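pasting the sequence and the predicted coordinates here, then a few questions.
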Amino acid sequence: MFDTLAEKLNGVFSRLTHRGALSESDVDEAMREIRIALLEADVALPVVKDFIAQVREKAVGQEVIKSVTPSQMVVKIVHDALVEMLGGQNESLDLAAVPPVPVLMVGLQGSGKTTTSAKLALRLKKEKKKVLMASLDIYRPAAQEQLAQLGFQTEVDTLPVIIGEKPKAIASRAMTEARRGGYDVVILDTAGRLHIDLDMMAEVAEVRQLVQPKETILVVDALAGQDAVNIAREFNEKIGITGIVLTRIDGDSRGGAALSMRAVTGCPIKFLGAGEKVEALEPFHPDRLAGRILDMGDVVSLVETAAEKLDKEEAERVAKRMIDGRFDLNDMLSQLRQMQKMGDLKGLLGLLPGIGKFKAQLEAAKIDDKVFKRQEAIILSMTPKERRNPDIIKASRKKRIAEGCGQSVQDVNKLLKQYEQIADVMKKMKKMGKRGLFGGLPGGLGGGFGGMGGFPPFGGFPS
């Protein structure tokens, strides 16, 4: 979402880096360029003015002008200002109340409100909360059925639908059922409209007055740009919201909505939705997002993703075999499956520090996550004996394997070559000891990505 903004900001900092010391005019020039970059990213004008004033005040100080690395100091000042503009720190849901705790989901039609309700319910379920979802949207065709299907998919209970029941009555029945059933949280998915109108606001206000929600969460589409900020302001003034979920951050929006939300409404962004999958909801951390924008990466999120989704025992088993020089195609299959669990590869690469410098290579590589599925199919098309001993795979076997998985012989050759590369590295590592792990990887992973040639999967980008 922030690719263009990140590229422009890093261009500004790159020019500063080539100067040994910074004068006040250097800082002024940088501030002008940062101002333009923020405005082009759809950040609200009042927010940009306050941001630039704050950064400039600190950037022209003696501690920066006389610093040994003044450009790095400016980057840090901009980073800190971004974090402050985004809210300072993560603010999680406030569920500190007598159960069942009502959570009201509001927003316009098409913002992803119903899907976000299910994502949030799944997240709370993983935190050992007993959750009930109820759809108050009696206007959009199949809206209630959609929530029921999402409830079935996530294994979260949904309130049975009674045809003709009004939203206020549905909310009341949901709270009653939740008390009887011993639920911890009730998520109420309200109806939206294509635009803000008095009827919608009045209906949401009635439900809010009835259930007295602990949290009123506004779901906003990041692709709405400046409109997203106006929508948030309207809902906050007329209904009163306690938090925001920004959806479709994996799209090509310019990102200004996220940077303006907190400053304009005073309400924190609590979650980000990145994709249609029910697991694709992540807590909003201002410091991590600021790091991504400034190409500092977000290694903490990367580690958290790995810790949550990877099978630790399986990873350790394969790692031991690799270190012992006993890596075979069964182990490679295990690694491919682990990679798929991690999610979108391009998104994961975006969490690495300095990855912005390789944007051109990333685009040229045309990363396709489906390559893992195709490589998995190739290995599954082999016999157990072939997986354990790939050396026996010659021309006739390659042809059979290719036909069995619907791929070409060239694809089979490419996978076998990748396997050979990583197997060779493991053999070298065994001879050199563990110190040789990163130095011997194809393309030199330990030495600044080695032109990206050694990055996954196994010796090169998928093509």
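Structure received.

going by C-alpha atoms from here, please, whenever you check contacts or count neighbours.
Fine.

what's the longest helix in this protein?
Ranked by number of residues, the top helix in the chain under DSSP state H is helix 409-432.

counting contacts, what elements does it pack onto?
With contacts defined as 3 or more CA pairs under 8 Å, 6 or more residues apart in numbering; DSSP states H and E, the packing partners of helix 409-432 are helix 312-323, helix 395-405.

confidence-wise, which of these is weakest overall?
Here the lowest mean pLDDT among the helices and strands packed on helix 409-432 goes to helix 312-323, at a mean of 67.

who are the packing partners of the next helix or strand after it?
Once the chain leaves helix 312-323, the next helix or strand it forms, by DSSP states H and E, is helix 329-342. Here helix 329-342 touches helix 299-309, helix 312-323, helix 370-380, helix 384-388, going by 3+ CA pairs under 8 Å, 6+ apart.

shouldn't residue 206 be in contact with residue 167?
No. Applying CA atoms under 8 Å, one finds residue 206 not in contact with residue 167, separated by 9.2 Å.

hey, where'd the helices end up in the stretch 151-300 of the chain?
167-181, 198-211, 226-238, 256-265, 286-293, 299-309 (DSSP state H, counting those that start in this stretch).

and of those helices, who's closest to residue 395?
helix 299-309 (37.5 Å; CA to CA).

contacting residues for residue 376?
Residues in contact with residue 376 (CA atoms under 8 Å, 6 or more residues apart in numbering) are 333, 336-337.

per-residue pLDDT, it?
88.

do the same with the one 10 residues further on
As summarised for this prediction, residue 386 has a pLDDT of 91.

what separation do you get for it and residue 400?
Going from residue 386 to residue 400 by CA to CA, to the nearest Å gives 12 Å.

next, count neighbours for the residue nearest to residue 387 when sequence neighbours are not counted.
Nearest non-adjacent residue to residue 387, counting by CA to CA, 6 or more residues apart in numbering: residue 329, 4.8 Å away. By the criterion of other CA atoms under 10 Å, residue 329 has 22 neighbours.

neighbours of residue 240, how many?
Neighbours of residue 240 using other CA under 10 Å come to 19.

isn't it right up against residue 217?
No. In this structure, residue 240 is not within contact of residue 217 by CA under 8 Å, at 9.4 Å.

now do residue 13 against residue 25, distance only.
For residue 13 relative to residue 25 (CA to CA), the value is 15 Å.

which of these two has more residues huddled nearby?
Neighbour count, other CA under 10 Å: between residue 13 and residue 25, residue 13 has more, with 17 against 10.

okay, that one: pLDDT?
Looking at residue 13, its pLDDT is 72.

could you check how far the helix or strand encompassing it is from the centre of its chain?
According to DSSP H and E, residue 13 maps onto helix 3-17. Its chain's C-alpha centre and that of helix 3-17 lie 22 Å apart, by CA atoms, centre = their mean, to the nearest Å.

how about stretch 84-93: buried residues?
Within stretch 84-93, the residues that count as buried by 16 or more other CA atoms under 10 Å are 84-88, 90-91, 93.

can I see the domain layout of this structure?
What automatic domain parsing lists as the domains of the chain is 3-85, 101-293, 302-452.

pick the most buried one from those domains.
Mean neighbour count (mean count of other CA atoms under 10 Å) peaks for domain 101-293 among the domains of the chain, with a mean of 20.

now do that domain: distance from first to last residue.
End-to-end distance for domain 101-293: 35 Å, by CA to CA.

distance between it and the chain's centre?
Worked out by CA atoms, centre = their mean, domain 101-293 lies 18 Å from the chain centre.

quick check: the gap between residue 195 and residue 264.
Taken as CA to CA, the span from residue 195 to residue 264 is 20 Å.

lowest average confidence, helix or strand, in the chain?
When the helices and strands of the chain are scored by mean pLDDT, DSSP states H and E, helix 359-365 comes last with a mean of 51.

which residue sits farthest out from the middle of the protein?
residue 396 (43.9 Å; CA atoms, centre = their mean).

find the nearest non-adjacent residue to residue 79, please.
Nearest residue to residue 79, sequence neighbours excluded (CA to CA, 6+ apart): residue 290, at 6.0 Å.

spit out the contact partners of that neighbour.
Counting by CA under 8 Å, 6+ apart, residue 290 has contacts 79, 82-83.

make a markdown table out of the residues you listed and add secondary structure.
Output for the contacts of residue 290, formatted as a markdown table (DSSP: H, G, I helix; E, B strand; the rest coil):
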| residue | secondary structure |
| --- | --- |
| 79 | helix |
| 82 | helix |
| 83 | helix |
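
hang on, the earlier thing: and the helices of the stretch 151-300 of the chain: which comes nearest residue 105?
The nearest among those, by CA to CA, is helix 198-211 at 9.5 Å.

what inclination does the closest one have with respect to helix 167-181?
Counting by axes from the mean of the first three to the mean of the last three CA atoms, to 10 degrees, helix 198-211 lies at 30 degrees to helix 167-181.

which residues touch helix 198-211?
So helix 198-211 is contacted by 102, 104, 106, 167-168, 171-172, 175, 190-193, 238-239 (CA under 8 Å, 6+ apart).

quick one: least confident of the residues you listed?
Scoring the contacts of helix 198-211 by pLDDT puts residue 193 last, at 76.

how far away is it from residue 180?
Going from residue 193 to residue 180 by CA to CA gives 32 Å.

do the same with residue 236
32 Å.

now residue 335
Distance, residue 335 to residue 180, by CA to CA: 46 Å.

same question for residue 150.
Counting by CA to CA, the gap from residue 150 to residue 180 is 23 Å.
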